[in-house]
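Undergrad: What follows is a predicted protein model with its sequence.
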Amino acid sequence: FDGKRECRLLVASDARGGPVRGCIDLAVHLFDSREKKFELMRDEMPGDNKYCWRPYVASLAVERSYRRKGVARKLLREAEAIARSWGYRELLLEVSAQNDAAIQFYSRAGYKVLRTDVPGTGAEEVDTGGLSWTFSSVPKYVLRKGLYFPLPPPTTGTDD
């Protein structure tokens, strides 16, 4: 990799280091800026000017009994801070168009739809019920949030 590739797996557990209750997978991948889609299977920058490296949330998961308690929000904020520390001004992710709870969560966190899938190129949904896994194609959205560098704290007069 050319030094621009970074990745982090962040985990959430209790203060005592107990079981993992949630995780987020953050990585830098090739992004086709014209088509507004990721090239997740390519590891080298093509000669075409339409590609750039962009930070990407590959997955965010929280144990069911720990949902709606701020775990996902904290993980996402930490991933955003890391992407900012790498020098990026945006964070992107993909989400199933059928996952209403996730879409609402990301919307509340400031993410906007950048692209909807062309029919037939959606995400793969996995059903693990029964004796085998079943894969089915579902439409997805590419979401984006601008990462604005924090302003310095306001200066106040001090008594010397």
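TA: On my side now, so go ahead.
Undergrad: longest helix anywhere in the chain?
TA: helix 71-85 (DSSP state H).
Undergrad: Would you check how far apart Leu30 and Tyr51 are?
TA: 5 Å (CB to CB, to the nearest Å). Yep, even glycine has a C-beta here, placed from its N, CA and C like the rest.
Undergrad: overlap in contacts of those two?
TA: 39, 45 (CB atoms under 8 Å, 6 or more residues apart in numbering).
Undergrad: which residues sit against stretch 48-66?
TA: Contacts of stretch 48-66 (CB under 8 Å, 6+ apart): 4-6, 12, 20-35, 38-40, 45, 71-72, 75-76, 79, 83, 86, 88, 90-93.
Undergrad: So which of the residues you listed belong to strands?
TA: Among the contacts of stretch 48-66, the residues falling in strands (DSSP state E) are 12, 22-32, 38-39, 90-93.
Undergrad: Model confidence score at Trp86, please.
TA: pLDDT for Trp86: 92.
Undergrad: What is the neighbour count of it?
TA: Applying other CB atoms under 10 Å, we find 15 residues neighbouring Trp86.
Undergrad: Leaving out sequence neighbours, find the closest residue to it.
TA: Setting aside the residues directly before and after it, Trp86 is nearest to Glu6 in space (CB to CB, 6 or more residues apart in numbering), at 5.5 Å.
Undergrad: and the gap between that neighbour and Arg89?
TA: Counting by CB to CB, the gap from Glu6 to Arg89 is 15 Å.
Undergrad: Pull out the buried residues from the longest helix of the chain.
TA: 71-72, 75-76, 79-80, 82-84 (16 or more other CB atoms under 10 Å).
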